[in-house]
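Student: Sequence first, predicted model second:
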Amino acid sequence: MDKLSITGGRRLEGEITVSGAKNAALPILCAGLLTADILALENVPRLNDIDTMLRLLGRMGARAERGAAHDVSLCAAEVDCLEAPYELVKTMRASILVLGPLVARYGQARVSLPGGCAIGQRPVDQHIKGLAALGADIQIEHGFVIARARRLKGASIRTDMVTVTGTENLMMAATLAEGTTVLENAAREPEVVDLAELLIKMGARISGHGTDRIVIEGVEKLHGASHRVVADRIEAGTFLCAVGATGGDVLLRQAAPETMGALLDKLQEAGLGLECGPDWIRCTMNQRPRAVGARTREYPGFPTDMQAQLMALDSIADGTAVIVENIFENRYMHVQELGRMGAQIDIDGHTAVVTGVPELSGANVMATDLRASASLVIAGLAARGATTIERIYHLDRGYERMEEKLRALGADIRRISDKGAA
Ligand SMILES: CC(=O)N[C@H]1[C@@H](OP(=O)(O)OP(=O)(O)OC[C@H]2O[C@@H](n3ccc(=O)[nH]c3=O)[C@H](O)[C@@H]2O)O[C@H](CO)[C@@H](O)[C@@H]1O
Ligand SMILES: C=C(OP(=O)(O)O)C(=O)O
C-alpha cells in the first residue's frame, strides 16, 4: 500500500491547475446511461473513483474511452447488464447513482446497497423513497435494491433531509418520466447544478436547479451532448488551507471561486490574502493563521468536505476555534491522528474545540477517509520534521496527483509505493 512521506516547514509558492470535480464527474458519467448517444466530456479528473465508475459502466455494456488527458467519451448504446455489484459499490458509494438512470431508461435495475462507511451510516432511503414515489416497484433482497417500472411517472417529492446524490439520482430518473416532477428540499450544490446543465444539453427540461425546488418535465428521449466538468471546489479549498498552514503565494488556475463563497470567507478571516478572477484564485499568507470556527451545512453553507482541512489549519492557529459537524455523525476520525502530531482538539458529540498550538511535529499517521487524509497532508506540510501518512488509497479516490501538484509548489513530499519511492 502506498504511503506519503512529507518533510514539513516549506512555504508553498507557484501555480497549479485545479482538476475537474469528482462529485460532479461521477453523476455526469451516470447520466450517460440515459441516452444511446455519445457524451463527450472534458475536465474529467484522473482519480480512482472515476476509474471505478468507468469500470462499473463498462461492465454494464457502456463503452468509455479516455482521450487526451481529461477527456472521456461515453456511449451507452448497448447496455446489457442492469446491475451494480457489491464489490464495486462497496469501494465507491457514488455507484448508487446508476439506479435512477437505469430504471428510467431500461425499466429495471439491481444495485447493491452501499452499507455504512467511515464517516457515517449514510443510508440511501431517500433515493429509494423518491423512486417509489415516481412509481417504481422496489424490493430489497440479499443486500440489493431491485427497482422496476414500465415508465416512471412524475411526482412531487420532498426529501426528509437535503441529500446531494439523492437529488441527483431523482433528477436523472425524472428526466425520462411521464409528466412533471417537483423535487422539494433539493440540494443546491454546484455539482447538482453542473449535472442539471449537462442534462439540459441532452434535451432534459429542468428548471430551478441551484434552488431547493427543482422542476423536471419528463421527455421521451435524451440525446448526446458535450460538457466540461466544473472545477473541484474541495480540491481548490484543500490547497488554500495548505497555503494558509505553510505560508506562501500560490495561484490556482481553472478554479471556480464563485462556488466557494463560505470557504473563502473563512480563509480570509484566518488571515489569507485572496484575490479572485472568474477562473482563478491567488492566495498569499505571511502570518500565523487566526483561529476560525465553522458549522458544516448544505451548500451554500460551509462544506463538510472541507471540515477536516480547516481543522488542520486551526490546529496551528492563534486562538481557539469551535467546529461543528452537522452533516455526518462520525466525521472526526482525523482528530486522533492530528493529536499524534501535537494538535490539541477536544470532541464533544458534534463539536470540536481546537486550541491552536504554535507548531505541530511530524509523526507516522494513518489516513482513515478521503478528507481526513487531506487534513493530514496539510498538517504534515506545516509540521516540524518528517510525517509519513499510511493508507493513502483514500486520498487517491479524490485528489489527482496531489503530491506532484504540491511538489510543483516547493513542498517536500513524495509517494512511497510498493514499487519504490516516486
Ligand atoms: C459523491 C458525492 O457527491 N459525495 C458527496 C455527497 O455525498 P452524499 O450524497 O452521499 O451525501 P448526502 O447529501 O446524501 O448526505 C447528507 C446527509 O443525509 C443523510 N442521508 C442521505 C441520503 C439518504 O437517503 N438518507 C440519509 O439519511 C446522510 O447520511 C447524511 O447525514 O454529499 C456529501 C454532503 O455534502 C459530501 O460529503 C459527499 O462528498
Ligand atoms: C465523502 C466524500 O465522497 P463520497 O461521497 O464519494 O464518499 C468526499 O468527497 O469528501
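Tutor: In hand now; what should we look at? Residues are numbered from 1 along each chain as shown. Ligands and ions are numbered 1, 2, ... in the order given.
Student: With ligand 1 in mind, check whether the helix or strand that contains Asn169 reaches it.
Tutor: For Asn169, the host element (DSSP states H and E) is helix 164-175. Yes: judged by Cβ under 6 Å from any ligand atom, helix 164-175 comes into contact with ligand 1 at 164-166. Glycine gets a C-beta too; all of them are placed from N, C-alpha and C.
Student: Stretch 288-297 now?
Tutor: No: counting by Cβ under 6 Å from any ligand atom, ligand 1 is not contacted by stretch 288-297; separation bottoms out at 8.3 Å.
Student: so how far does that stretch reach from one end to the other?
Tutor: 27 Å (Cα to Cα, to the nearest Å).
Student: ok, back up a step: can you list the residues of helix 164-175 next to ligand 1 in TSV and add neighbour count?
Tutor: TSV is the format used below for the residues of helix 164-175 next to ligand 1 (neighbours: other Cβ atoms under 10 Å):
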residue	neighbour count
Val164	19
Thr165	26
Gly166	28
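Student: Which of these sits closest to Arg188?
Tutor: The closest of those to Arg188 turns out to be Val164 (Cβ to Cβ; 9.4 Å).
Student: Model confidence for that closest one, exactly?
Tutor: With respect to pLDDT, Val164 scores 98.
Student: swap in the one 4 residues further on?
Tutor: At Glu168 the predicted local distance difference test score is 98.
Student: And for Ala68?
Tutor: 84.
Student: Output the set of residues of the stretch 201-350 of the chain in proximity to ligand 1.
Tutor: Checking the stretch 201-350 of the chain against ligand 1 by Cβ under 6 Å from any ligand atom, the hits are 304-305, 327-328.
Student: Of these, which is the nearest to Asn185?
Tutor: Ile327 (14.6 Å).
Student: Which secondary structure state does that closest one sit in?
Tutor: The local conformation at Ile327, judged by DSSP: H, G, I helix; E, B strand; the rest coil, is coil.
Student: separation between it and Gly301?
Tutor: Relative to Gly301, Ile327 is positioned 9 Å away (Cβ to Cβ, to the nearest Å).
Student: Please say which of the two ends up with more neighbours.
Tutor: Between Ile327 and Gly301, Ile327 has the larger neighbour count (other Cβ atoms under 10 Å), namely 19 against 15.
Student: what's that one in contact with, if anything?
Tutor: Ile327 makes contact with 296-298, 304, according to Cβ atoms under 8 Å, 6 or more residues apart in numbering.
Student: Who are the contact partners of the residue of the chain found nearest ligand 2?
Tutor: The chain approaches ligand 2 most closely through Asp305 (3.9 Å), counting by Cβ to the nearest ligand atom. Asp305 sits next to 23, 234, 371 when contact means Cβ under 8 Å, 6+ apart.
Student: any idea which of the residues you listed has the most stuff around it?
Tutor: Arg371 (27 neighbours).
Student: Could you measure from it over to Gly301?
Tutor: In terms of Cβ to Cβ, Arg371 sits 16 Å off from Gly301.
Student: Just give me the neighbour total for the closest residue in space to Met366 that isn't next to it in sequence.
Tutor: Closest residue to Met366 apart from its sequence neighbours, by Cβ to Cβ, 6 or more residues apart in numbering: Glu390 at 5.0 Å. The local packing of Glu390 (other Cβ under 10 Å) involves 17 other residues.
Student: Please tell me how far the closest residue to Asn43 other than its chain neighbours sits from Gly130.
Tutor: Using Cβ to Cβ, 6+ apart and skipping residues adjacent in sequence, the residue nearest Asn43 is Gly20, 3.6 Å away. As defined by Cβ to Cβ, Gly20 lies at a distance of 27 Å from Gly130.
Student: Ala196 now?
Tutor: Taken as Cβ to Cβ, the span from Ala196 to Gly130 is 16 Å.
Student: Equivalent analysis for Ala177, please.
Tutor: 11 Å.
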